[in-house]
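1. Generate coordinates for the sequence data below:
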Amino acid sequence: MTAFILMFIVFVLGYIAIAMEGPIRIDKAASALILGVVIWAIYIYGLPGILNLGYSPAWEHFLKSSALADLKHKYVNVSLLAQMKYFITQHEVVSHLGNLAQILFFLLGAMTIVETVDQHEGFRIITDRIKTTNKVKLLWTVATITFFLSGVLDNMTTTIVMIALLRKLVDDKKTRWFFASMIIIAANAGGAFTPIGDVTTIMLWIGGQVTALDIIEMVFLPSIISLVIPLAIISIYMKGHVKKPDVNTSDSYSTHPKTRLLFLILGIGGLIFVPVFKELTDLPPYMGMLFSLGIIWVATEIIHKKDEEEDRRKFTVVGILKRVDIPTILFYLGILSAVAALESAGHLQVLALYFDKHMRNIYLMDGAVGLLSSIVDNVPLTAAAMGMYPVMTHAMVAVSSDPAFMQHFVQNGAFWELLAYAAGTGGSILIIGSAAGVVAMALEKIDFIWYMKKISWLALVGYFGGILVYWLQELLLFHK
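-> Have a look, this model is predicted:
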């Protein structure tokens with residue numbers, strides 16, 4: 001029992017170190033990697049005491065599996081402790097590593113494709129078409145572009161692209177803060193309704209909790225509402241025109257117009273191809289992403305084969321890989337490894353049993369996850385929710401003690417759909433609650449208290465408005 005509790009304490013301490021990245025001046029990726037290893041080490045050293053508690057569904061399943069029978073056949077009279085160590089090292093670690101690798105390779109491919117398009121200035125084809133100076137029109141235009149762009153790009157990249165655009169459109173700092181805040185809300189809302197728009201939806205899609213078409217169908221309207229409500233409220237009192245900054249003559253294109261268009265088409269098309277590939281082949285999504293990366297890589301090699309060596313390093317994927325945010329990949333590896341250990345040991349099972357007893361309402365459960373994601377990273381929250389409940393089959397629901405409740409946990413069930421929405425959009429409530437918010441805060445030096453006073457309540461109203469719309473469409477249209 002001591003080791004079981006110690007695992008939880010270490011996880012909390014590690015999470016505090018991640019959350020306090022700024023004050024302690026230690027990158028969250030380093031803290032996450034240490035946490036991911038230490039928590040598994042505690043698990044394996046405290047094996048008998050942890051697994052004998054009876055909280056681990058994975059251990060109970062292993063005891064009935066053919067893997068244990070094969071082990072006993074190969075090694076006669078194998079001890080219980082040896083069985084437990086085999087369960088951890090050869091079953092749990094390998095199984096969870098396979099699941100993590102799919103997510104990490106998917107993200108690595110997606111981030112490299114986006115960086116390649118950005119390096120070739122493909123996104124400027126979209127952003128340079130904005131000409132209006134009317135504050136309200138500009139606000140809706142920027143938010144709409146952000147919303148749909150973040151459906152195929154990651155939220156952080158979308159925010160960086162849009163704030164770079166914003167600096168060319170708005171000169172006044174406080175006005176730009178309002179626009180940047182709407183970019184945060186729009187990026188998080190747009191990332192929630194597609195299977196490739198946010199890490200949390202990627203996790204749910206790869207894990208089999210949702211399918212690509214279902215997540216778009218069920219979460220699109222709530223996501224739009226979570227953005228439209230704040231925009232509508234701001235539009236009531238925002239008046240006048242923006243003053244554009246002085247033109248920087250050094251800010252010129254370095255790529256040919258046809259090259260920009262080609263890589264925009266290749267990048268966006270490659271990302272959209274991934275869910276199509278999954279539906280056509282049933283192969284894991286990361287394979288489709290790696291295929292798209294391969295195509296765009298070949299394109300960079302062919303187009304820049306006659307360039308000078310310096311330009312080749314700048315514009316081919318070999319050089320662009322150096323710009324990819326590898327620390328973010330390692331952060332996800334560490335934090336998801338730690339959550340996997342808690343799932344294997346049974347901590348998430350204990351949490352699920354508590355929810356079953358005290359909070360048997362998916363709107364309360366997912367709503368709480370969304371609110372927590374404003375202060376806690378949504379990736380481990382989503383991972384924890386996925387570990388708490390299996391993807392139920394209709395046969396499992398039929399024999400359960402509460403079929404009406406458990407039907408929410410089948411593939412494309414209401415719990416998973418609402419989780420995608422809540423975890424994705426809840427991070428907008430505080431500026432530190434999402435990667436988009438942190439990036440905008442760093443780039444524009446947005447004050448935390450200013451955001452909390454001016455924007456948090458708008459994001460909160462939009463968040464609950466989206467949940468209400470999801471409930472209405474489930475009740476009136478889809479009858480799940």
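2. how near is Leu221 to Ala143?
-> Here Leu221 is placed at a distance of 16 Å from Ala143 (CB to CB, to the nearest Å). C-beta here means a position set from N, CA and C on the backbone, and glycine is covered the same way.
3. out of the two, which sits in the more crowded spot?
-> Counted by other CB atoms under 10 Å, Leu221 and Ala143 do not tie: Ala143 has more neighbours, with 23 against 17.
4. Could you say which helix or strand holds Glu60?
-> helix 57-63 (DSSP states H and E).
5. What is that helix packed up against?
-> Here helix 57-63 touches helix 326-345, going by 3 or more CB pairs under 8 Å, 6 or more residues apart in numbering; DSSP states H and E.
6. confidence score at Tyr55?
-> With respect to pLDDT, Tyr55 scores 83.
7. per-residue confidence at Tyr354?
-> Note on Tyr354: pLDDT of 77.
8. And it, how far from Gly426?
-> 21 Å.
9. cool, Val136 as well?
-> With CB to CB as the criterion, Val136 and Gly426 are 26 Å apart.
10. And these two? Which one has more around it.
-> For Val136 versus Gly426, neighbours defined as other CB under 10 Å are more numerous around Gly426 (32 against 16).
11. Verify the stated contact: the more buried one with Leu371.
-> Yes - at 5.8 Å, Gly426 and Leu371 qualify as touching, with contact defined as CB atoms under 8 Å.
12. Name the residues contacting each of these two.
-> Common contacts of Gly426 and Leu371 (CB atoms under 8 Å, 6 or more residues apart in numbering): none found.
13. So, low pLDDT: which residues of the stretch 251-400 of the chain?
-> Where the stretch 251-400 of the chain drops to pLDDT under 70, the residues are 251-253, 376-377.
14. What are the buried residues along stretch 407-422?
-> For stretch 407-422, a neighbour-count test (16 or more other CB atoms under 10 Å) marks 407-410, 412-422 as buried.
15. Closest one to Thr132 out of the residues you listed, please.
-> Tyr421 (30.6 Å; CB to CB).
16. so which strand or helix has that closest one?
-> Applying DSSP H and E, one finds Tyr421 within helix 414-425.
17. same question for that helix, mean pLDDT?
-> The pLDDT scores in helix 414-425 average 92.
18. Counting by contacts, list what that helix packs against.
-> helix 173-192, helix 199-206, helix 212-237, helix 362-372, helix 378-388, helix 456-473.
19. Which of those helices sits closest to His96?
-> Closest among these, once you apply CB to CB, is helix 378-388, at 10.0 Å.
20. Output stretch 258-278 in CSV with nothing but the alpha carbons.
-> Provided in CSV are the C-alpha atoms of stretch 258-278 (Å, rounded to 0.1, in the frame of the first residue of the first chain):
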residue,chain,number,x,y,z
LYS,A,258,4.2,28.8,-57.1
THR,A,259,6.4,27.2,-54.5
ARG,A,260,4.4,28.7,-51.7
LEU,A,261,1.1,27.5,-53.2
LEU,A,262,2.5,24.0,-53.9
PHE,A,263,3.6,23.5,-50.3
LEU,A,264,0.4,24.9,-48.9
ILE,A,265,-1.5,22.3,-51.0
LEU,A,266,0.9,19.5,-50.2
GLY,A,267,0.9,20.3,-46.5
ILE,A,268,-2.9,20.8,-46.0
GLY,A,269,-3.7,17.9,-48.4
GLY,A,270,-1.2,15.6,-46.6
LEU,A,271,-2.8,16.3,-43.2
ILE,A,272,-6.3,15.8,-44.5
PHE,A,273,-5.2,12.6,-46.2
VAL,A,274,-4.4,11.0,-42.9
PRO,A,275,-8.0,10.2,-41.7
VAL,A,276,-8.9,9.2,-45.2
PHE,A,277,-6.0,6.7,-45.2
LYS,A,278,-7.2,5.4,-41.8
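21. Now it: buried residues?
-> 259-260, 262-264, 266-268, 270-271, 273-275, 277-278.
22. Inside helices: which ones of those?
-> Among those, DSSP state H puts 259-260, 262-264, 266-268, 270-271, 273-275, 277-278 in helices.
23. and which of those is nearest to Leu153?
-> Using CB to CB, Leu271 comes nearest to Leu153 of these, at 7.5 Å.
24. From what I see, that closest one and Leu153 are in contact.
-> Yes - using CB under 8 Å, Leu271 is in contact with Leu153, at 7.5 Å.
25. Would you pull up how far the helix holding Glu60 lies from the middle of the chain?
-> Put simply, helix 57-63 sits 29 Å off its chain's centre (CA atoms, centre = their mean, to the nearest Å).
26. Quick check: what element follows it along the chain?
-> Next along from helix 57-63, by DSSP H and E: helix 66-74.
27. Check which helices and strands that following helix is in contact with.
-> helix 80-86.
28. continuing past the helix it packs on, what's the next helix or strand?
-> helix 93-119.
29. Let's test this: mean pLDDT of whichever helix or strand comes after that next one, rounded?
-> As assigned by DSSP H and E, the chain's next helix or strand after helix 93-119 is helix 124-127. The average pLDDT within helix 124-127 is 76.
30. One more: stretch 106-121?
-> Here the average pLDDT along stretch 106-121 is 85.
31. And stretch 238-245, by the same measure?
-> Averaged over stretch 238-245, pLDDT sits at 81.
32. outside of that stretch, which residues touch it?
-> 133-136, 138-139, 167-172, 175, 178.
33. Out of those residues, which one has the lowest pLDDT?
-> Lys168 (75).
34. Trp205 is in contact with Thr211, correct?
-> Yes - counting by CB under 8 Å, Thr211 does reach Trp205; the two are 7.4 Å apart.
35. contacting residues for Asp214?
-> With CB under 8 Å, 6+ apart, Asp214 has these contacts: 412, 417.
36. buried set for stretch 324-333?
-> 324-325, 328-333.
37. Oops, could you answer that again for stretch 284-295 instead?
-> 284-290, 292-293.
38. again with stretch 96-114
-> 96, 99-100, 102-114.
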